[in-house]
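*Asks:* Give me coordinates for this.
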Amino acid sequence: MTNLALLRPFAALRPAKGKEGEIAAPPYDVMNTTEAREMAAGKPWSFLHVSRAEIDLDEGTDPYSNTVYAKAGENLEKMIAAGMLVREDRPHYYVYRATMGEHVQTGIVGGASVRAYEEGRIKKHELTRPTKEDDRVNQIEGVNAQTGPVFLTYRANAELSTIYTAVTTEAPLLEADHGDGVLHQVWGVGDAETVKRIEDIFTHMDALYVADGHHRSAAALRVAATRRNENNDPNASHESFLSVGFPDDEVMILDYNRIVKDLNGLDTATFLSRLEDAFTVTPSDTPFRPEHPASFGLYLDGKWYALALKTPPNANADPVTRLDVSLLTDHILEPILGIGDPRTDTRIDFVGGARGLDGLAARVNSGEWACAFSMFPTSLGDLMAVADADKIMPPKSTWFEPKLADGLLSLVLD
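*Replies:* Numbering: from 1, shown residues only. As a prediction, this is how the structure comes out:
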């Protein structure tokens, strides 16, 4: 066990009190440029002007061009100059609560240690794409800050929960609903004794886990590696990356479903017959949502089917091969539909569970896709098992809800 702090307090750049409703925005990667432009229309202080700065340039501007990152930096400076964003005068932790309908999750915002990420105490489970990493590196350098939080999870800790309960009895520092149906609330934790206790708790944790935000954390490492040439202080601001950590017993993972362009030259009857080699195939009168692992829903030709794997994997099997996303690839996508690498094959697409089974079926009914598979959500225990084994999950294995807001808290690289 190292004494390296996993999560540190920081002096956040945040909306001035009462301005958070004008600023808070969805994360940059849940929309395209056109949607971002529409969302920001009539909202001059929306953080989309920073996270998707191409909306303030000519239509058709390459969102990965240097002019976009320069514009993002310019827009952030405008928000600071106008008093819309203010900087804390000393380091804080921040309690972050997201409420979506009946679901509530409460966690902590801090600067996660880049060095702990390098050492593998902040664990990842996904591969990253160089172009997306480059984009996040350029964004961080363009605004000289980390503005998009990484979603972390940790094994629930009773003392942290007690601290959160005490902090949230007060009125929140920030509160916003940017239109996604989620109430985002933030409380500052600046009391020196409480700050020290939180830091100590995280210092002695075995690990934190990246749930969502692999490109942002990888980009933070690249930025830190470059800046170490000028400043190798382990406490420098570039040695942290903006993170929100939630306890594992409050995190919600939704299904991440699949749609496939064609049946690989098979007709419907032959395809269903091939499925029966490994699955029990049962017609369903209603949209089928799997209720346990090793089962899938199939939507094909306007009909739903329940697929149950005849020989489910052993509980002690490799943590990656026993995942439902792996079972679907190994038993259907690759041998029957000819999809070898879901990461690169254009004949497959992925639909987040937030869109529901009706939204999944609608993609097939459009005529552009041949069939859809509904999935049982990957468990957080499986995610941690894969990360603990230092292995990588298949692409699009998890869909986390609710999403975190951009613009409420940013970590400035001093």
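*Asks:* Spatially central residue (nearest the centroid) of the chain, please.
*Replies:* Asp212 (2.8 Å; C-alpha atoms, centre = their mean).
*Asks:* Next one: it relative to Leu6, how far apart?
*Replies:* Going from Asp212 to Leu6 by C-beta to C-beta, to the nearest Å gives 18 Å. Bear in mind the C-beta positions are built from the backbone N, C-alpha and C, glycine included.
*Asks:* In contact with Met79, which residues?
*Replies:* Ile23, Trp45, His49, Val50, Leu85 (C-beta atoms under 8 Å, 6 or more residues apart in numbering).
*Asks:* from these, which two are the most distant?
*Replies:* His49 and Leu85 (11.8 Å; C-beta to C-beta).
*Asks:* Among the contacts of Met79, name the ones in helices.
*Replies:* Ile23, His49, Val50 (DSSP state H).
*Asks:* I figured the last one hits Leu76, correct?
*Replies:* Think Val50. Yes: counting by C-beta atoms under 8 Å, Leu76 is a contact partner of Val50 at 5.0 Å.
*Asks:* out of the two, which sits in the more crowded spot?
*Replies:* Legend: neighbour count by other C-beta atoms under 10 Å for Val50 and Leu76, higher for Val50 (31 against 25).
*Asks:* which ones are touching the more buried one?
*Replies:* By C-beta under 8 Å, 6+ apart, the neighbours of Val50 are Ala72, Asn75, Leu76, Met79, Val143, Thr147, Asp406, Gly407.
*Asks:* Try it again at 10 Å.
*Replies:* 23, 25, 28, 56, 71-79, 85, 139, 142-143, 145, 147-148, 406-407, 410 (C-beta atoms under 10 Å, 6 or more residues apart in numbering).
*Asks:* Buried ones only from those residues, please, as a PyMOL command.
*Replies:* Only the buried entries of the contacts of Val50 go into this PyMOL selection, using 16 or more other C-beta atoms under 10 Å:
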select buried, resi 23+25+28+56+71+72+73+75+76+79+85+139+142+143+145+147+148+406+407+410
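*Asks:* Out of the contacts of Val50, which sit inside helices?
*Replies:* 23, 71-79, 139, 142-143.
*Asks:* Columns distance to Asp390 on top of the ones in helices among the contacts of Met79, output as TSV?
*Replies:* Compiled in TSV, the ones in helices among the contacts of Met79 are given as follows (distance: C-beta to C-beta, whole Å):
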residue	distance to Asp390
Ile23	39
His49	39
Val50	35
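*Asks:* which residues of the stretch 1-150 of the chain fall in strands?
*Replies:* 7-8, 13-15, 85-87, 93-100, 103-113, 122-123, 145-146, 150-154 (DSSP state E, counting those that start in this stretch).
*Asks:* List the buried residues for the fifth one?
*Replies:* It stands for strand 103-113. Gln105, Thr106, Gly107, Ile108, Val109, Gly110, Gly111, Ala112, Ser113.
*Asks:* Quickly run through the sheet partners of that strand, with directions.
*Replies:* Using DSSP bridges, the strands paired with strand 103-113 are strand 7-8 (antiparallel), strand 93-100 (antiparallel), strand 240-247 (antiparallel).
*Asks:* Quick check: Tyr209 vs Ile140, distance?
*Replies:* In terms of C-beta to C-beta, Tyr209 sits 22 Å off from Ile140.
*Asks:* So for the two, which residue has more residues nearby?
*Replies:* Per other C-beta under 10 Å, whichever of Tyr209 and Ile140 has more neighbours is Ile140, with 26 against 22.
*Asks:* Which residue ranges of this structure form helices?
*Replies:* Under DSSP H, the chain gives helices at 20-23, 33-40, 48-51, 66-81, 114-119, 130-143, 158-167, 192-203, 214-227, 268-275, 324-328, 356-365, 380-388.
*Asks:* Can you name the residues in contact with the last one?
*Replies:* Taking C-beta under 10 Å, 6+ apart as the criterion, the residues outside helix 380-388 that touch it are 120, 122-126, 153-155, 206-211, 248-253, 293, 318-320, 322-325, 378-379, 391-394, 397-398, 400.
*Asks:* Was I right to think Glu199 contacts Ala5?
*Replies:* Yes: Glu199 lies in contact with Ala5 (C-beta atoms under 10 Å); the separation is 5.5 Å.
*Asks:* Neighbour count: these two, which is higher?
*Replies:* Ala5 (23 against 18).
*Asks:* So the more buried one versus Ser240, what's the distance?
*Replies:* From Ala5 to Ser240 the distance is 9 Å (C-beta to C-beta).
*Asks:* What is the neighbour count of the closest residue to Gly213 other than its chain neighbours?
*Replies:* Residue nearest to Gly213 in three dimensions, not counting chain neighbours: Val150, with 3.4 Å by C-beta to C-beta, 6 or more residues apart in numbering. Around Val150 there are 26 other residues, counting by other C-beta under 10 Å.
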